[in-house]
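**Student:** When you get a sec, could you give me coordinates for this:
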Amino acid sequence: MTQADNTVQTRWAVLGPGAISRDFVVGLRASQHGVLHAVGSSSAERAGAFAAEYGAAASGTYDEILARDDVDAVYVGTVHTTHADLAVRALEAGKAVLCEKPASPTLKEVERILEAAARTQRPFLEAFKTRFGPFADALRELVAGGELGPLERVEGAFGFEAPTHEGRLFDPALAGGAILDVGCYPLALAIDLAAAAGQPIDAPDYRGFDAELVAGVDGWATAAIAFGTVTAEIATSVVEDLSDLAMLHFAEGDVLLPNAWGSRTESPSRIIVRRGAEERVIEVPVVQPMAAEADALSLALAEGRLEVPQMPWSHTRAAARVLTDWRAAALAG
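**Tutor:** Modelled structure (predicted):
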């Protein structure tokens, strides 16, 4: 890592020059601590074209980029099924890793990543952009502060209608489907807030799963899960637009999140708190969420930490456990 104006500067490499990596690179421009330095791909030609488009100094194959001494951290933006191998290779090459969610389609593969991070003493962060910024901080504070009494239930939906039933989203070999692609977001919210409420997240009580297969993957799915005394009710789809609304039900009131997931360029900003007939609106500043997660990993690397508090490894494990079981139930019919 280099120092510029007494500020930590992380030299980033992007692995996988696809659509979400483009969004990450654009978001990185708003970062306080990171700069794009290199691009890696299974195709050196694709890496070179991406690097030229976005001004990266270096490009090459995955092996060539991971062998470079002037790369501090990598962003893994490839398809789900390749995350684990690339993350482990990057960690073993001495790089910090920000891996696009889900970290991998199965808990077994996620454990392999985390074991490599612990063994190599390199930071690893699963890129749940919704965990970063004032909005996420305010939600945790609301839950932990007890203003509305104990948290009892989290309801969340995230779904969209894909234009076609082809490509990555509908390819069983690439772990397509709604659960891994967008259902993970309301699940991650429930895990985060259950933990903030002091409830265990490592022993989920499955109350019910349902799903419909489309082209061999989970086109839509629902789940009811309890984390201690907090119940999560989740819906997700890639064949139907669903509301971005999430609701938090407490013993003494409710919290509405009209735009719970934000976007790849802006975090959510509005929280509605209701207690009886009273309602107040909390407005929080917007951040570039992909820049925020990159900066969180940069600071962990600079400070010698392996984990980031907004998305610790225990939460990555908890999400992987549920996603593995939920998806297995869905694919089993």
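**Student:** Return the distance of Ala87 relative to Gly77.
**Tutor:** 12 Å (CB to CB, to the nearest Å). Bear in mind the C-beta positions are built from the backbone N, C-alpha and C, glycine included.
**Student:** More neighbours: which of these two?
**Tutor:** Neighbour totals were compared for Ala87 and Gly77, and Ala87 leads with 31 against 23 (other CB atoms under 10 Å).
**Student:** mind checking the SS state of that one?
**Tutor:** On the three-state scheme (DSSP: H, G, I helix; E, B strand; the rest coil), Ala87 is labelled helix.
**Student:** Just to be sure, Ser298 is in a strand?
**Tutor:** No - read with three-state DSSP, Ser298 is helix and lies in no strand.
**Student:** Make sure it is actually in contact with Val8.
**Tutor:** Yes - using CB atoms under 8 Å, Ser298 is in contact with Val8, at 5.6 Å.
**Student:** Among the two, which residue is more densely surrounded?
**Tutor:** With neighbours defined as other CB under 10 Å, Ser298 and Val8 compare such that Ser298 has more, 26 against 18.
**Student:** What's the separation between that one and Trp313?
**Tutor:** For Ser298, the distance to Trp313 - CB to CB - is 18 Å.
**Student:** Equivalent analysis for Ala51, please.
**Tutor:** Taking CB to CB as the measure, Ala51 falls 31 Å from Trp313.
**Student:** of these two, who's got more company?
**Tutor:** Ala51 (24 against 20).
**Student:** Need the three-state assignment for the more buried one.
**Tutor:** Quick answer, by three-state DSSP: Ala51 is helix.
**Student:** Now do it, the pLDDT please.
**Tutor:** The per-residue pLDDT reported for Ala51 equals 98.
**Student:** That one against Ser59, yeah?
**Tutor:** Yes - in this structure, Ala51 is within contact of Ser59 by CB under 8 Å, at 3.8 Å.
**Student:** most remote residue from the protein's center?
**Tutor:** Ala277 (35.3 Å; CA atoms, centre = their mean).
**Student:** Show the pLDDT at that one.
**Tutor:** pLDDT, Ala277: 93.
**Student:** next one: Ala330
**Tutor:** On the pLDDT scale, Ala330 gets 97.
**Student:** what's the distance between it and Phe170?
**Tutor:** 14 Å.
**Student:** For these two, indicate the residue with more neighbours.
**Tutor:** Comparing Ala330 with Phe170 by other CB under 10 Å, the one with more neighbours is Ala330, at 24 against 19.
**Student:** Leu180: how many residues sit nearby?
**Tutor:** 23.
**Student:** for it, what are its contacts?
**Tutor:** Residues near Leu180 by CB atoms under 8 Å, 6 or more residues apart in numbering: His80, Pro102, Pro105, Leu323, Arg327.
**Student:** Of the residues you listed - the most surrounded one?
**Tutor:** Most surrounded of the contacts of Leu180: other CB under 10 Å gives Pro102, at 28 neighbours.
**Student:** pretty sure that one contacts Arg321?
**Tutor:** No - using CB under 8 Å, Pro102 makes no contact with Arg321, being 11.5 Å away.
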